[in-house]
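Colleague: Sequence and computational prediction follow.
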Amino acid sequence: MRIAVVSVNGTPLSPTTPAKARKLIQSGGAQARRNKLGIFYLQLTTPTRENIPHETVAGIDPGKLYSGIGVQTPQATLWMGHLVLPFPYVKRRMTRRWHSRQFRRYRKTPQRPQRFRQRTGHKIPPSIKANRDLEWRVLQELAKIYPITQVVYEVVKARGTKSFSPVMVGQYWQMDRLASCFLLEPRYGWETAQLRFALGLEKTTKKSEQSPASHAVDGVALAASHFLHYVPFTEKNGDHGRRWEGTCQITPAPFAIIQRPQLLRRALHDQNPVRGGARERFGGTTTPWGFRKGDRVEGTKAGRIVRGYVSGYTNTNKKRNIAIVDARWKRLGQFAVSKVRLLGRSSRLLVSSVACARCR
């Protein structure tokens, strides 16, 4: 396991061991910090040399519903991530918006005219773009504390037309964006499977399992491929072929499950009519008491202390409550406003972290 280190100016440096990190904190040479992904790192208080003796590589295994990311050096695995992508949520929201616009065209109300060529100019569908944007956002946060020099990206090559797989849509657009900031190295899916076998990594068949063995293991294997080489070999008994050779240590590392909060844009009213003609409030991210949806808060109720994220509120003559959810956007309960304490502002990310996990 390694601890990320940044300089006084915030430049990522070579990670250190937990023992050295404790000594730096006790001597006052560094201060403890946490970034928006919940990763613990150190910021030095005095200037130091900034030469890094090794390469740091990030591996990305893109998907339709889940993606895996790993950060690797030749000596250790630095971080593993399991991304729950917003594809189903964005798709439902876009369908709902399309229905709303369609219904307005048959009423005497302001409306937008129909557009029959919406995606000319190689535009990316909103659901696919939301997936790739989440991967890009996580990579940007990682690059702030790890000296990432190269990115290995898995290229999906399925049989059929270009619209055969949603993962194939927009992958070259994402690769162009990655190549603008990092050195990019593409890998195909069959290479990822061989790399897992060469490194002794096992992958579960359950895609929805939120563990390193589901998707993060592919990200680690892709990142480790930069330090391995696919070379020919010939044995004394006549066997020959190609295999992966090289040195790369796969070690326990912090693991995080990341997804977007399911926020709703502010609307004038709910779509469903109610008796009396006055429709309820719908959407928005603010509350009357200074909290915002997605803020990290701590709530107390009947002696029970809960930490989570703000997802909504109730403001009536009898109740003034804040709804708190966990990192999977599942409600934990409603708490009185006076019993809720702000811990941190919203970063538009929901993070559930494990201090140390293995991908073997």
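Modeller: That came through fine. If you're wondering where the values come from, they're calculated on a predicted model, not measured in any experiment.
Colleague: what comes up buried for stretch 62-81?
Modeller: 62-74, 76-81 (16 or more other CB atoms under 10 Å). All C-beta atoms are positioned from the backbone trio N, CA, C, and that covers glycine.
Colleague: Pass me the low-pLDDT residue ranges in the stretch 1-150 of the chain, would you?
Modeller: Along the stretch 1-150 of the chain, segments meeting pLDDT under 70 span 116-122.
Colleague: same question, the stretch 201-350 of the chain
Modeller: For the stretch 201-350 of the chain, applying pLDDT under 70 flags the ranges 269.
Colleague: which stretches of it form helices?
Modeller: Using DSSP state H, counting those that start in this stretch, the helices found in the stretch 201-350 of the chain span residues 217-224.
Colleague: quick one, strands of it?
Modeller: Counting by DSSP state E, counting those that start in this stretch, the stretch 201-350 of the chain has strands at residues 228-234, 240-246, 253-259, 296-301, 304-315, 320-325, 331-336, 340-344, 350-357.
Colleague: looking at these, which is closest to Val5?
Modeller: strand 253-259 (14.5 Å; CB to CB).
Colleague: quick check: angle from the closest one to strand 350-357?
Modeller: 160 degrees (axes from the mean of the first three to the mean of the last three CA atoms, to 10 degrees).
Colleague: packing partners for strand 253-259?
Modeller: strand 77-84, helix 126-143, strand 350-357 (3 or more CB pairs under 8 Å, 6 or more residues apart in numbering; DSSP states H and E).
Colleague: mind giving me the domain split of this protein?
Modeller: 1-52, 54-87+125-260, 261-349 (automatic domain parsing).
Colleague: can I get the ones you listed in a markdown table with distance to Arg93?
Modeller: Formatted as a markdown table, the domains of the chain follow (distance: least, CB to CB, whole Å):
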| stretch | distance to Arg93 |
| --- | --- |
| domain 1-52 | 24 |
| domain 54-87+125-260 | 8 |
| domain 261-349 | 8 |
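Colleague: just to revisit the earlier point, out of the strands of the stretch 201-350 of the chain, which comes closest to Glu50?
Modeller: When the strands of the stretch 201-350 of the chain are ranked by proximity to Glu50 (CB to CB), strand 253-259 comes first, at 23.4 Å.
Colleague: Turn the strands of the stretch 201-350 of the chain into JSON lines, columns for distance to Lys108.
Modeller: JSON lines is the format used below for the strands of the stretch 201-350 of the chain (distance: least, CB to CB, whole Å):
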{"stretch": "strand 228-234", "distance to Lys108": "67"}
{"stretch": "strand 240-246", "distance to Lys108": "68"}
{"stretch": "strand 253-259", "distance to Lys108": "41"}
{"stretch": "strand 296-301", "distance to Lys108": "44"}
{"stretch": "strand 304-315", "distance to Lys108": "33"}
{"stretch": "strand 320-325", "distance to Lys108": "37"}
{"stretch": "strand 331-336", "distance to Lys108": "40"}
{"stretch": "strand 340-344", "distance to Lys108": "44"}
{"stretch": "strand 350-357", "distance to Lys108": "42"}
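Colleague: quick one, which of the helices and strands packed on strand 253-259 is packed in tightest?
Modeller: Compared across the helices and strands packed on strand 253-259, strand 77-84 shows the largest average neighbour count, a mean of 26 (mean count of other CB atoms under 10 Å).
Colleague: buried set for the helix or strand just after that one?
Modeller: Once the chain leaves strand 77-84, the next helix or strand it forms, by DSSP states H and E, is helix 87-104. Neighbour counts using 16+ other CB under 10 Å place Phe87, Tyr89, Val90, Lys91, Arg93 of helix 87-104 among the buried residues.
Colleague: of all those, which comes closest to Ala278?
Modeller: Arg93 (24.8 Å).
Colleague: does Ala158 count as helix, strand or coil?
Modeller: Assigned with DSSP: H, G, I helix; E, B strand; the rest coil, Ala158 falls in the coil class.
Colleague: That one and Val169 touch, don't they?
Modeller: No - Ala158 lies out of contact with Val169 (CB atoms under 8 Å); the separation is 11.0 Å.
Colleague: Give me the more crowded residue out of these two.
Modeller: In this view Ala158 and Val169 are compared by other CB atoms under 10 Å, and Val169 has more residues nearby, 20 against 11.
Colleague: Shouldn't that one be within a strand?
Modeller: No - under three-state DSSP, Val169 sits outside any strand and is assigned coil.
Colleague: My read is that it contacts Pro125, right?
Modeller: Yes - using CB under 8 Å, Val169 is in contact with Pro125, at 6.6 Å.
Colleague: picking up where we left off before, which of the helices and strands packed on strand 253-259 sits closest to Asn35?
Modeller: Of all the helices and strands packed on strand 253-259, helix 126-143 comes closest under CB to CB, at 5.9 Å.
Colleague: who's in contact with that closest one?
Modeller: Helix 126-143 has contacts (CB atoms under 8 Å, 6 or more residues apart in numbering) with 12, 35-37, 39, 58, 60, 62-64, 67, 69, 71, 79, 81, 83, 85-87, 90-91, 94, 124, 148, 151, 166, 169-170, 173-174, 177-178, 181-182, 258-260, 349.
Colleague: Tell me who's in contact with the nearest residue to Arg104 once chain neighbours are set aside.
Modeller: Excluding its sequence neighbours, the residue lying closest to Arg104 (CB to CB, 6 or more residues apart in numbering) is Gln111, at 4.6 Å. Taking CB under 8 Å, 6+ apart as the criterion, Gln111 is in contact with Arg101, Arg104, Arg105.
Colleague: For Thr11, the count of nearby residues, please.
Modeller: 13.
Colleague: Can you get me a residue count around the closest residue to it other than its chain neighbours?
Modeller: With CB to CB, 6+ apart as the criterion, Thr11 has its nearest non-adjacent residue at 5.8 Å, and that residue is Glu50. Applying other CB under 10 Å, we find 12 residues neighbouring Glu50.
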